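> just to be clear, the model below is a prediction. Sequence and coordinates:
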Amino acid sequence: MFKVNSKIFVIPAIIPLVPGAPAFYGIKSFIEKNQELASYNTFITFVSVIGIVVGLSAAFYIMGILFRFFSRFNDS
């Protein structure tokens, strides 16, 4: 089968989807000059993005460790 790095497909697919609504409402609030709501939605957007990045990084790191661990058994 094809051997392609899955990060190429996973990261561009997930990042725009999850914090989309708070990002939209944050920009809308900035335009409407509602600074309190804009700050809140921007904060929620950044927290969501940081959570996605940490989760994906941890998942890829753990999978790398497991791949190296199990590849030792397949080589022999």
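Right, received. Where do you want to start? Numbers count the residues shown, from 1 in each chain.

> so the residue most central in space within the chain, which state does it fall into?
By Cα atoms, centre = their mean, the chain has its centre lying nearest to residue 52, at 3.1 Å. Under DSSP: H, G, I helix; E, B strand; the rest coil, the three-state class of residue 52 is helix.

> and it, how far is that from residue 45?
11 Å (Cβ to Cβ, to the nearest Å). Using the backbone N, CA and C atoms, a C-beta is placed for each residue, glycine as well.

> identify the contacts common to the two.
Common neighbours of residue 52 and residue 45, using Cβ atoms under 8 Å, 6 or more residues apart in numbering, are residue 19.

> what about the helix or strand containing residue 72, distance to the chain center?
According to DSSP states H and E, residue 72 maps onto helix 35-75. Centroid displacement of helix 35-75 relative to its chain, using Cα atoms, centre = their mean, to the nearest Å, is 6 Å.

> okay, and for the protein, where does confidence drop off?
1-2, 7-8, 10-18, 75-76 (pLDDT under 70).

> mind running it again at 90?
Scanning the chain for pLDDT under 90 picks out the ranges 1-28, 30-31, 48-49, 52-53, 56, 60, 64, 66-76.

> tell me which element residue 28 falls in.
Here residue 28 is assigned to helix 20-31, by DSSP H and E.

> what separation do you get for the closest residue in space to residue 19 that isn't next to it in sequence and residue 22?
Counting by Cβ to Cβ, 6 or more residues apart in numbering, residue 19 lies nearest to residue 48, which is 3.8 Å off, once chain neighbours are set aside. To residue 22, residue 48 is 7 Å away according to Cβ to Cβ.

> residue 45: neighbour count?
Close neighbours of residue 45, defined as other Cβ atoms under 10 Å, add up to 20.

> ok, now how distant is it from residue 72?
Relative to residue 72, residue 45 is positioned 42 Å away (criterion: Cβ to Cβ).
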